[in-house]
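no sequence for this one, just the structure:
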């Protein structure tokens, strides 16, 4: 039986090798070459000539934008999301599964569709205005606030779920013991509950930070093309078949992601909060 | 249980055989590689009826896909409908077969619209500068549809229409002196922005050097664009969220026809939003060409000849929102102006107003600039957007 199970794991392993590891390797190689669509393979050579791209004004600004938006999204999601998770944990409703389902409900519809819909109600004249007579969000389409709003709206569930899991795992007797020993509820929260839920916070932060750092669709739509993130530049480089430049930037993001994963393994040795 | 499975298998087998039989229907075929929803099914029916040649249509949604599908030779297409710059590239790489005009008798009875002739002349000129070879593109291509670009504008803004008609490009690009509070949008395609800026500066949009690049940058910064979009541009002007944007004329007609369908009149719609087509503007053209992989040259020529028939070209135009390419077909389209059927009347009106054959102007199809130039233009636009 054990053998059969190992056999069943094979297809995905092969899939990983063909569609993840080999392309990854190719990406790293392309990033140190001059490869683009107008060259035939025999003309491709190893060169660092295009690496000045990393220090060009627009690349640096895009990197800064990505970092700022990813950090702000993570912080806001954490502050707002933590208390949602805490409320769910504290709530007396028996079937907490239902509450969690409601939280991930927005993810059941397509991301692009949701974002386009959000953009529409951020315009001055929108569908809400024609139905109820006034615009709920005002005219914020195209502003940095709109982008931040969209990112937090989209990624908040990824923060709530791991924090909730971590909170749920905390033994209720620890809280009771703390109160028995005369600690105030506020202090109990800060000295007992919060430190124990930290693993969930770290996992949640990574799960919010990574996609916002590498993503490009939400900022592109909600900023109406006015805010350029590093993902947008990579998107354009590949669209116009300048593969080496696109790969180079993608590799840099990869390094950022690897760094983040190192952090997660430091905090979470068993990887248990990821579930 | 076993019986049930058997039954299902038999049904499946019959279905499979039927499919094969259908595919093996005897008689000649024409393998056409086309854009989606770009050929009136009635035209196909008429063609199949008249010549007994079956049309097998494949769809691709970009010129680059056309190119790679022909190059890969997995299917031997007899006829393809790529745009201007891709025809240049395909001729460059010897991928097209010269047309045999003996097999196109309808050609003698039609005159291409002035804009179409200008496009072929411009393509020949850019090819000459690039490769030093003079190519007559009519040797390879017969025009299918064409269209202009223009500035779609919000007519609820007082005086904008008059200003555009009087000062053209200046109103769109010089935001300091014209309508400083108006919002302006641009297609999220760097070469479009660059070309538009050069036309505003009175240059040829297909030229490239660093001086022009810097001038274009200054011009684009002066326009202070608040939106870089695609299909969102026309919808935002329509819904009063944007005041001007440089788009395909077909983008405007698309929204116009939709609003007409909803029962509004042309006057009502035009007083909300309209399109201004500058005297010097960008154009595109899609062409019927025969790739070197073609196996049925006879059918391909017959199809081209069939579409050169003005009646057929006009019929084809009914289902596609772009401009017909011959004056004779245009005359048939606009002859519907007094038609009682609202659709035909509106269609004729739209063609007369926005694709008029007597419109004087300079039309530039965009050429395929070298990769390095495109990269520099993309970077220039990114710089503006990250300032």
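Sure, I can see it. In this text the structure is predicted, and so the values were computed from the model without any measurement. Numbering: from 1, shown residues only, chains lettered A, B, ... in the order given.

show me what from the stretch 151-275 of chain A comes close to chain B.
A:224, A:225, A:226, A:227, A:228, A:233, A:236, A:240, A:241, A:242, A:245 (Cβ under 8 Å from any Cβ of the partner chain). For the C-beta atoms, the positions are set from N, CA and C on the backbone; glycine is no exception.

how about residue B:246, what does it touch?
B:149, B:150, B:151, B:152, B:172, B:185, B:186, B:187, B:192, B:193, B:196 (Cβ atoms under 8 Å, 6 or more residues apart in numbering or on different chains).

does whatever residue of the stretch 101-250 of chain A ends up closest to chain B count as helix, strand or coil?
Closest residue of the stretch 101-250 of chain A to chain B, Cβ to the nearest Cβ: residue A:225 (2.8 Å). Put simply, residue A:225 is coil when judged by DSSP: H, G, I helix; E, B strand; the rest coil.

look up phi and psi at it.
phi 80, psi 10 (degrees, to the nearest 10).

which stretches of chain A have low pLDDT?
Filtered on pLDDT under 70, chain A yields the residue ranges A:1, A:37-38, A:264, A:267-275.

give me the beta-bridge partners of the residue of chain B found nearest chain A?
Taking Cβ to the nearest Cβ as the measure, chain B has residue B:228 as its residue closest to chain A, at 2.8 Å. Residue B:228 has these beta-bridge partners by DSSP bridges: residue B:186.

now stretch B:215-232: buried residues?
B:215, B:216, B:217, B:219, B:220, B:223, B:225, B:226, B:227, B:228, B:229, B:232 (16 or more other Cβ atoms under 10 Å in any protein chain shown).

how about JSON lines for those, with pLDDT and secondary structure added?
Formatted as JSON lines, the buried residues of stretch B:215-232 follow (pLDDT from 0 to 100; DSSP: H, G, I helix; E, B strand; the rest coil):
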{"residue": "B:215", "pLDDT": "96", "secondary structure": "helix"}
{"residue": "B:216", "pLDDT": "97", "secondary structure": "helix"}
{"residue": "B:217", "pLDDT": "96", "secondary structure": "helix"}
{"residue": "B:219", "pLDDT": "96", "secondary structure": "helix"}
{"residue": "B:220", "pLDDT": "96", "secondary structure": "helix"}
{"residue": "B:223", "pLDDT": "95", "secondary structure": "helix"}
{"residue": "B:225", "pLDDT": "95", "secondary structure": "coil"}
{"residue": "B:226", "pLDDT": "93", "secondary structure": "coil"}
{"residue": "B:227", "pLDDT": "93", "secondary structure": "strand"}
{"residue": "B:228", "pLDDT": "93", "secondary structure": "strand"}
{"residue": "B:229", "pLDDT": "90", "secondary structure": "strand"}
{"residue": "B:232", "pLDDT": "89", "secondary structure": "helix"}
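
how about the residues you listed, which pair is most distant?
B:215 and B:232 (28.1 Å; Cβ to Cβ).

assess the claim that residue B:171 and residue B:165 are in contact.
No. At 9.3 Å, residue B:171 does not count as touching residue B:165 under the criterion of Cβ atoms under 8 Å.

so which of these two has more stuff around it?
residue B:171 (25 against 10; other Cβ atoms under 10 Å in any protein chain shown).

secondary structure element for that one?
helix B:169-173 (DSSP states H and E).

now residue A:15
helix A:2-16.

how far out from the middle of the chain is that helix?
Centroid separation between helix A:2-16 and its chain, computed with Cα atoms, centre = their mean, to the nearest Å, is 29 Å.

hmm, the residue of chain B closest to chain A is touching residue A:225, no?
Yes. In this structure residue B:228 lies within contact range of residue A:225 using Cβ under 8 Å: 2.8 Å.

got any residues that touch both of these two?
By Cβ under 8 Å, 6+ apart, the residues touching both residue B:228 and residue A:225 are B:188, B:385.

one step back: nearest to residue B:360, of the buried residues of stretch B:215-232?
The closest of those, once distances to residue B:360 are taken by Cβ to Cβ, is residue B:219, at 24.6 Å.

what's downstream of the helix holding residue A:15, the next helix or strand?
helix A:22-31.

against which helices or strands is that following helix packed?
helix A:243-267 (3 or more Cβ pairs under 8 Å, 6 or more residues apart in numbering or on different chains; DSSP states H and E).

what comes up buried for the helix it packs on?
Those would be A:243-250, A:252-254, A:256, A:260, A:264, for helix A:243-267 by 16+ other Cβ under 10 Å.

and stretch B:76-83, which residues are buried?
B:77, B:78, B:79, B:80, B:81, B:82, B:83.

now for the residues you listed: which two are most distant?
It's B:78 and B:83 that sit farthest apart of the buried residues of stretch B:76-83, by Cβ to Cβ, at 18.9 Å.

so what touches stretch B:198-213?
With Cβ under 8 Å, 6+ apart, stretch B:198-213 has contacts from B:122, B:126, B:169-170, B:172-173, B:194-196, B:215-216, B:219, B:278, B:280-282, B:364, B:366-367, B:369, B:373, B:376-377, B:380.

what number of residues lie near the closest residue in space to residue B:239 that isn't next to it in sequence?
Computed as Cβ to Cβ, 6 or more residues apart in numbering or on different chains, the closest residue to residue B:239 that is not its neighbour in sequence is residue A:125, at 5.1 Å. With neighbours defined by other Cβ under 10 Å, the count for residue A:125 comes to 15.

what about residue A:125, helix or strand, and which?
Counting by DSSP H and E, residue A:125 is found in no helix or strand.

and if you look at residue B:246?
strand B:244-248.

need the contact list for residue A:57.
Residue A:57 neighbours (Cβ under 8 Å, 6+ apart): B:383, B:386.

can you list the weak-confidence ranges in chain B?
B:1-5, B:7-12, B:14-26.

what residues does it put near chain A?
Counting by Cβ under 8 Å from any Cβ, chain B sits next to chain A at B:185, B:188, B:226-229, B:232, B:236, B:239-241, B:370-371, B:374-375, B:378-379, B:382-383, B:385-386.

one more pass at 6 Å, please.
By the rule Cβ under 6 Å from any Cβ of the partner chain, the part of chain B lying against chain A is B:188, B:227-228, B:239-241, B:371, B:374-375, B:378, B:382-383, B:385-386.

quick one: which of the residues you listed sit in strands?
B:227, B:228 (DSSP state E).

select only the buried ones of the residues of chain B next to chain A in PyMOL?
Only the buried entries of those go into this PyMOL selection, using 16+ other Cβ under 10 Å:
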select buried, chain B and resi 188+227+228+239+241+374+375+378+382+383+385+386
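
could you work out the most separated pair of the residues of chain B next to chain A?
Applying Cβ to Cβ across the residues of chain B next to chain A, the maximum distance is between B:240 and B:371, 39.9 Å.

have a look at chain B and report its longest strand.
strand B:142-154.

tell me the contacts of residue 229?
No chain in the question, so chain A it is. Going by Cβ atoms under 6 Å, 6 or more residues apart in numbering or on different chains, residue A:229 touches A:62, A:65, A:66, A:216, A:219.

that's the wrong chain, I meant chain B
B:185, B:188.

ok, back up a step: what angle sits between the helix holding residue A:15 and helix A:22-31?
If you take axes from the mean of the first three to the mean of the last three Cα atoms, to 10 degrees, helix A:2-16 sits at 30 degrees to helix A:22-31.

quick one: list the elements packing against helix A:2-16.
Applying 3 or more Cβ pairs under 6 Å, 6 or more residues apart in numbering or on different chains; DSSP states H and E, one finds that helix A:2-16 makes contact with no other helix or strand.
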